[in-house]
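K.L.:
Build me a model from this:
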Amino acid sequence: SSLADDKTFRDDEKTLGDRGVVSLWLDAKALKKVPEVAQALAASGSADQLDKISSVSMALRAGSDSLELAGYTQAAAAPKTKPVDVGALPKGTALALGFSLGDADEYVDELQQGLEDELGMSESDVARFVDQQTGLTYPEDLRTLIGDGLTIAVGAKNLDRAILLAGPDDVASLDAGIALHGDPTKASDLLGRLADLAEQTIGLRLETAETKDGAVIATNADAAKAFSASGDQLGSTDAFRSVVEHSSDSYGTLFLDVAAVVKALQASSPPPGVSDVLDNLDELRAVGASSWIDGDAARFSLKVAFRK
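P.N.:
Numbers count the residues shown, from 1 in each chain. Sure thing, here's the model as predicted:
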């Protein structure tokens, strides 16, 4: 019989939709039965992770001004994640990264087990080391850091100064920040202590602010406020919409406004080598990636848009 007779393959192809110019399908259950693969998985300790996946489907799609690698993994159970919508960031954001690591307690427990297995460090050993090095509290602060997700953003304003930064004082000229999503009180307390640590150790002054769903630490006060500001949002821009799918549902999103970054760096009179690279990137508009839950499947999209 042919692959087309396989019900799982047919169902996956139907769910995948447009097969594009190239498509791929992987039967994870069958793959695990291959002796060489089973041995490699056992040696790497990743067999349990593959057990959670039944199949993988992907397609490379070409549009008039874009390329997209789209697909999904069929899993035994949907990942325990919450959406992190970077589209809610302010218009003018050049780089955005938002992601959720899932259940914070579960993540910390797995990390601690790995530290015990690989390094022989008990929870008290790790807590003592972290306290001595940073003054932070383990594992409580790590749980707060993971929370319901994180957002990292860099604004387009003053990006032309990025390659000329000479020290901590120059960092304030950039609009950059990290937002923690979760308990606002705990997040604000942790970021306040991290800001103090940055100033004490490297002389970098950072600003913090509480948000409706957590807190933010940023290079300046305006950047910190921007995470909660109302007004035009990144998700309404053509560049963002051209490369990011399901922003409001995504638990892992990347957006890079290539055109804005290239324009800013070209204005900084870069050296010839850098200038040549920027010229080669001039045809790109934006790059985006996102992943979201669709029933018991985890979908993903990686897209590159070109200037029209």
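
K.L.:
name the helices or strands packed onto whichever strand or helix holds A298?
P.N.:
Assigned by DSSP states H and E, A298 falls within strand 297-306. With contacts defined as 3 or more CB pairs under 8 Å, 6 or more residues apart in numbering; DSSP states H and E, strand 297-306 has these neighbours: strand 66-75, helix 238-243, strand 284-294. (C-beta placed from N, C-alpha, C; glycine too.)

K.L.:
what pairs with that strand, and is each one parallel or antiparallel?
P.N.:
Paired with strand 297-306 in the same sheet, following DSSP bridges, are strand 66-75 (antiparallel), strand 284-294 (antiparallel).

K.L.:
Lowest average confidence across those strands, which one?
P.N.:
Of all the strands paired with strand 297-306, mean pLDDT reaches its minimum on strand 66-75 (a mean of 88).

K.L.:
Tell me the first helix or strand C-terminal of that strand.
P.N.:
Next helix or strand after strand 66-75 toward the C-terminus (DSSP H and E): strand 93-99.

K.L.:
List the contacts of that following strand.
P.N.:
84-86, 89, 149-156, 159, 234, 250-257, 260-261, 264 (CB atoms under 8 Å, 6 or more residues apart in numbering).

K.L.:
For the first helix or strand past that strand going along the chain, give me every contacting residue.
P.N.:
Remark: after strand 93-99, the chain's next helix or strand is helix 104-119, criterion DSSP H and E. Helix 104-119 is contacted by residues 80, 101, 121-123, 126, 139, 142-143, 146-147, 182 when judged by CB under 8 Å, 6+ apart.

K.L.:
Look up how far A221 lies from the residue lying closest to D232 once chain neighbours are set aside.
P.N.:
Distances taken as CB to CB, 6 or more residues apart in numbering place K91 nearest to D232, at 3.9 Å, with adjacent residues excluded. Note on K91: its distance to A221, by CB to CB, to the nearest Å, is 19 Å.
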